[in-house]
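1. starting from these lines, generate the structure:
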Amino acid sequence: MDASLDFYLTVFAPMGFREAARFDTDQGPVVGIAAADGFPHFWLSPAPVGTRHEAHVAFAAPDRDAVDAVDAVHASAVAAGHEVLHAPRLWPEYHAGYYGTFLRDLDGNNVEAVHHTFGTAAGT
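-> Model prediction:
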């Protein structure tokens with residue numbers, strides 16, 4: 001995790017990447033990386049020791065009005081027959097205000113559309 005974080009913070013420093021959020025988990029820290037706007041749009045999380053798994057890529061909706069975009073991503077995936085890992089909902093086990101849907105891309109990766117509302121218990 002430290003090496004990956006260092007890579008992104010060093011290589012993407014010209015774009016203003018910096019650590020903006022950190023949540024501790026049993027497997028290690030989950031780190032949100034922000035660019036110029038200061039919001040953590042790119043997240044790194046540890047892989048369980050000794051395992052190989054797919055990538056998890058999350059694309060954030062920019063504001064509360066864009067929560068509808070998360071639902072639209074889910075509807076589009078369903079209409080196209082793509083695998084849905086989790087329908088849109090609040091995910092309080094991640095943090096209050098976490099609203100997202102999780103899909104499987106054609107390469108087997110876990111791809112997420114998400115909206116984060118920090119500092120409030122309501123995400124939608």
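2. SS state for the residue nearest the centre of the chain?
-> Centroid-nearest residue in the chain: residue 58, 3.4 Å away (criterion: CA atoms, centre = their mean). Here residue 58 is recorded as strand under DSSP: H, G, I helix; E, B strand; the rest coil.
3. the closest residue to it other than its chain neighbours: what's it in contact with?
-> Distance criterion CB to CB, 6 or more residues apart in numbering; nearest residue to residue 58, sequence neighbours excluded, is residue 112 at 4.1 Å. All C-beta atoms are positioned from the backbone trio N, CA, C, and that covers glycine. Neighbouring residues of residue 112 by CB atoms under 8 Å, 6 or more residues apart in numbering: 56, 57, 58, 59, 100, 101, 102, 103.
4. beta partners of the second one?
-> In this entry, residue 57 is beta-bridged to residue 111, by DSSP bridges.
5. list the buried residues in the longest helix belonging to the chain.
-> In the chain, with assignment by DSSP state H, the single longest helix is helix 67-80. Neighbour counts over helix 67-80 (16 or more other CB atoms under 10 Å) mark 67, 69, 70, 71, 73, 74, 77 as buried.
6. looking at the residues you listed, which is nearest residue 16?
-> Distance to residue 16 across the buried residues of helix 67-80 (CB to CB) is lowest for residue 69, with 24.2 Å.
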